[in-house]
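J.: coords below, sequence missing:
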């Protein structure tokens, strides 16, 4: 009788546990591993248990389960900052129970909030005589919704005042737009005019398509300072000039909201001459993520308008039930204040020069990675931050630490790359997704994904370089990428097909397993288990496992 290739692990676990007889009189000690969940009972997953366990045991059980998460510092897929100094950890814990929505109760915290708004508005070159307004948010997603809502409401009020139809608003963005921008359009009933991107436009919003897509119902344009796909900056000044000319011809005043989730905390420090912020009159609002290159922990965004008149009164609520009169113009109400305090700490601790040094280091390490990958001959970069700008092409010699970022094409410290054409021709059986998968075995989380719609047939790998990604880690990553690539090159087509098919199956299983556990009967679960293979697709690639991890 041959062994079955299709087994249900949940059924096996249930049978394995069935020999243990639970004793209701069992005495459980007070240590972390002496609770009833250590052996007698399964840890509750879907319903609150009838009785609890000690805080020590609950902590240890959750702590141990979270050990299976990836290491945040090696998560190269995320823009989210993962490092802060111990002193700010202490500040966060001291203020973890403070509600940012309660201004009357926590006036000192609200003063700090006001200072951060002022610091950001000056960083983004608010002109003299204008007084910016803004707020902390739970992230750039919320900030973008608020920026879009303000543009929509101002457009509606203007149309109503003129006695014109205001039922068909639209907004312009590129197909590389992050999902939060599309969410705004869908959630708040605005037609999203999503313009195609191309290689010629650096897979970003194409200025040449603006004029033919705006009209009297356009509430504004979302321009991204740092595409999440490739790190390129969209040309704010160029698009603003196009809209200036359009207004002269038509009288239609179309505002710009800059989505600076990442770039708004990069450009001011390393590209001081780049025009993108409030020095451009058409830019009415800017958002950023404090928890990205603002260098705080996750959970903080910012939205700034260049003046009170760009935040319609219709969106501002007055509250009188927390001890005083407060104004609220965020989607969330109660939210933690400690992240905002952490941002103020970062401003004071680093200062402008500290931010400049860190962001310059990020860009330098990203250039080293870009050059290393291209030098191998296996890869070509889609990102451009390692390419000399036109004005510096004759002035740059060699690889010098501390080189001026302005010598290169501006962008985020992001490396987007793919297999070179020569590599694909010589090794057609090797898939980029396999490289991403096997790098995960070494600890690196490095995504492989398609480019935006209209260019989605092309897939890229992407590395986000953050403060904690040191030059040493950069060099190690280059070695690991080359090692894994060469391991895949030595594998035959049958091996590669098995790996590709197996990883696809595992992804499908992972996404459905919790659903099966919640809603399936034992028999249904058994049947579903037979529909997927338990075969290990990585058995031919044990060398990757054996040669060490980061």
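T.: Here it is on my side, so go on. Note that the structure is predicted; figures quoted are calculated from it, not measured.

J.: C-alpha from now on. contacts and neighbour counts both.
T.: Will do.

J.: give the burial count for residue 33, as a bare number.
T.: Using other CA atoms under 10 Å, residue 33 has 16 neighbouring residues.

J.: pretty sure residue 50 is in a helix, no?
T.: No: counting by DSSP: H, G, I helix; E, B strand; the rest coil, residue 50 falls outside a helix, being coil.

J.: state the distance from it to residue 41.
T.: For residue 50, the distance to residue 41 equals 13 Å [CA to CA, to the nearest Å].

J.: so which of these two has more stuff around it?
T.: Neighbour count, other CA under 10 Å: between residue 50 and residue 41, residue 41 has more, with 11 against 5.

J.: does that one count as helix, strand or coil?
T.: Following three-state DSSP, we place residue 41 in the coil state.

J.: try residue 68
T.: Residue 68 ends up coil, using three-state DSSP.

J.: compute the number of surrounding residues for it.
T.: Close neighbours of residue 68, defined as other CA under 10 Å, add up to 8.

J.: so what's it up against?
T.: Going by CA atoms under 8 Å, 6 or more residues apart in numbering, residue 68 touches no other residue.

J.: and the closest residue in space to residue 110 that isn't next to it in sequence, how far is that from residue 131?
T.: Nearest residue to residue 110, sequence neighbours excluded (CA to CA, 6 or more residues apart in numbering): residue 103, at 5.9 Å. Noted for residue 103: a distance of 21 Å to residue 131, by CA to CA.

J.: looking at the two, which has the bigger crowd around it?
T.: In terms of neighbours (other CA under 10 Å), residue 103 is the more surrounded of residue 103 and residue 131; the figures are 18 against 14.

J.: so where does that one fall, helix or strand?
T.: Taking DSSP states H and E as the definition, one finds residue 103 inside no helix or strand.

J.: if I look at it, how far off is residue 120?
T.: Applying CA to CA, the value for residue 103 to residue 120 is 20 Å.

J.: cool, residue 352 as well?
T.: For residue 352, the distance to residue 120 equals 11 Å [CA to CA].

J.: just want to know which of the two has more residues nearby.
T.: Using other CA under 10 Å as the criterion, residue 352 and residue 120 rank with residue 120 on top: 21 against 13.

J.: now the helices for the stretch 301-450 of the chain?
T.: Secondary structure of the stretch 301-450 of the chain (DSSP state H, counting those that start in this stretch): helices located at 338-376, 421-426, 432-441.

J.: centre of the chain to the shortest one, how far?
T.: On the basis of CA atoms, centre = their mean, to the nearest Å, the separation between the geometric centre of helix 421-426 and that of its chain is 31 Å.

J.: same question for the last one.
T.: In terms of CA atoms, centre = their mean, the gap separating the centre of helix 432-441 from the centre of its chain is 20 Å.

J.: can you pull out the strands in the stretch 101-250 of the chain?
T.: For the stretch 101-250 of the chain, strands defined by DSSP state E, counting those that start in this stretch occupy the ranges 133-137, 170-174, 191-195, 218-224.

J.: the longest one versus strand 191-195: what angle between them?
T.: Relative orientation of strand 218-224 and strand 191-195, computed by axes from the mean of the first three to the mean of the last three CA atoms, to 10 degrees: 50 degrees.

J.: can you tell me how far residue 139 is from residue 101?
T.: Per CA to CA, residue 139 is found 15 Å from residue 101.

J.: same check on residue 138?
T.: 12 Å.

J.: joint contacts of the two?
T.: Common contact partners of residue 138 and residue 101 (CA under 8 Å, 6+ apart): residue 335.

J.: now the helices of the stretch 301-450 of the chain in JSON lines, with mean pLDDT and distance to residue 299?
T.: What follows is the helices of the stretch 301-450 of the chain, written out as JSON lines (pLDDT from 0 to 100; distance: least, CA to CA, whole Å):
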{"stretch": "helix 338-376", "mean pLDDT": "96", "distance to residue 299": "7"}
{"stretch": "helix 421-426", "mean pLDDT": "95", "distance to residue 299": "41"}
{"stretch": "helix 432-441", "mean pLDDT": "94", "distance to residue 299": "26"}
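
J.: nearest to residue 413, out of those helices?
T.: Closest of the helices of the stretch 301-450 of the chain to residue 413 is helix 338-376, at 4.7 Å (criterion: CA to CA).

J.: report all helices and strands that that closest one contacts.
T.: Other helices and strands packing on helix 338-376, by 3 or more CA pairs under 8 Å, 6 or more residues apart in numbering; DSSP states H and E, are helix 86-94, helix 107-123, helix 267-270, strand 379-381, strand 414-419, helix 471-489.

J.: that older thread, per-residue confidence at the residue nearest to residue 110?
T.: We note a pLDDT of 77 for residue 103 in this prediction.

J.: burial measure for residue 458, as a count.
T.: 12.

J.: next up, the contacts around it.
T.: Applying CA under 8 Å, 6+ apart, the residues near residue 458 are 450, 451.

J.: how much space between it and residue 199?
T.: The gap separating residue 458 from residue 199 is 11 Å, by CA to CA.

J.: do the same with residue 102
T.: According to CA to CA, residue 102 and residue 199 sit 48 Å apart.

J.: give me the more crowded residue out of these two.
T.: Comparing residue 102 with residue 199 by neighbour count (other CA under 10 Å), the higher total belongs to residue 102, at 20 against 9.

J.: phi and psi next, for that one.
T.: Backbone torsions of residue 102, given as degrees, to the nearest 10, read phi -100, psi 80.

J.: any idea how far residue 217 is from it?
T.: Counting by CA to CA, the gap from residue 102 to residue 217 is 38 Å.

J.: again, but for residue 54
T.: The value you get for residue 54 to residue 217, if CA to CA is used, is 60 Å.

J.: same question, residue 448
T.: Residue 448 is 38 Å from residue 217, where distance means CA to CA.

J.: and residue 278, by the same measure?
T.: Distance, residue 278 to residue 217, using CA to CA: 24 Å.

J.: ditto for residue 11
T.: Residue 11 is 59 Å from residue 217, where distance means CA to CA.

J.: now swap in residue 119 and tell me
T.: Per CA to CA, residue 119 is found 34 Å from residue 217.

J.: and those two? which has more neighbours close in?
T.: The residue with more neighbours, out of residue 119 and residue 217, is residue 217; 21 against 12, by other CA under 10 Å.

J.: wait, that one sits on residue 169?
T.: Yes: counting by CA atoms under 8 Å, residue 217 does reach residue 169; the two are 5.0 Å apart.

J.: where in the stretch 201-350 of the chain is pLDDT low?
T.: Residues of the stretch 201-350 of the chain meeting the criterion pLDDT under 70: 319-326.

J.: pLDDT score assigned to the residue nearest to residue 71 when sequence neighbours are not counted?
T.: Nearest non-adjacent residue to residue 71, counting by CA to CA, 6+ apart: residue 443, 7.3 Å away. You'll see residue 443 listed with a pLDDT of 92.

J.: now residue 16
T.: Reported pLDDT for residue 16: 75.

J.: so it, which state does it fall into?
T.: helix.

J.: nearest to residue 254, of the helices and strands packed on helix 338-376?
T.: Nearest of these to residue 254, taken as CA to CA: helix 107-123 at 21.6 Å.

J.: so what does the closest one touch, helix or strand wise?
T.: The contact analysis (3+ CA pairs under 8 Å, 6+ apart) places helix 107-123 against strand 133-137, strand 301-305, helix 338-376.

J.: give the buried residues for that helix.
T.: Buried residues in helix 107-123, defined by neighbour count with 16 or more other CA atoms under 10 Å: 109, 110, 112, 113, 116, 117, 118, 120, 121, 123.
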